[in-house]
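>>> predicted structure and sequence below. I'll ask about it afterward.
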Amino acid sequence: MEKELHEQYEYARRRIKQKKGLYFHSVLFLLGSLFLFIAHKFLNIGIETNWCIWVITIWFFLFILHFIKVYITDRFMNKDWEREQIDRLVALQQKKIIQLESQLNEESAT
C-alpha cells in the first residue's frame, strides 16, 4: 500500500512539474512575442522583412508541441499504460507459446 502511495505522489509531482514548465513557457512565449513585435515595429529592427512573424510562428508551433506532450501524450501514456501494454504483450507471447507447444504435441503424437 505504501508503494502505491509513493508512486501516486511521484506521478502527481511529475505532472505538476510538467504543468509548471508549460505555464512558464506560455508566459515566456507571450512576453517574448510582444518584445519581438515591438522590436520589429517600433525600434525598426530588421524593417525589410517580417522576421518577427516567422519567429513567433515557429515558437508558437513549439509551444503547441509542448502542450500536446503535457496534456495529451504524457497524460495517457504513463506507467499504468506501460504496465497494461507489457501485460498484453506477455499474454500474447504466452498464448503463442501454448499454441506452439500444442502443435508440437500433436505432431509428436502422429
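Alright, I've got the coordinates. Numbers count the residues shown, from 1 in each chain.
>>> and the worst-scoring helix or strand of the chain on mean pLDDT, what other elements does it pack with?
Least confident helix or strand of the chain, by mean pLDDT, DSSP states H and E, is helix 74-76 with a mean of 76. Using 3 or more Cβ pairs under 8 Å, 6 or more residues apart in numbering; DSSP states H and E as the contact test, no helix or strand touches helix 74-76. Glycine gets a C-beta too; all of them are placed from N, C-alpha and C.
>>> distance of the most centrally placed residue in the chain relative to Val27?
Per Cα atoms, centre = their mean, the C-alpha nearest to the average position across the chain is that of Lys69, at 3.0 Å. Relative to Val27, Lys69 is positioned 18 Å away (Cβ to Cβ, to the nearest Å).
>>> repeat for Glu48
Taking Cβ to Cβ, one finds Glu48 at 30 Å from Val27.
>>> what of Asn50?
Using Cβ to Cβ, Asn50 is found at 24 Å from Val27.
>>> got it, and Gln85?
From Gln85 to Val27 the distance is 36 Å (Cβ to Cβ).
>>> likewise Phe42?
From Phe42 over to Val27 (counting by Cβ to Cβ), the distance is 22 Å.
>>> now do Arg14
21 Å.
>>> for Asn78, same thing?
Distance from Asn78 to Val27, by Cβ to Cβ: 26 Å.
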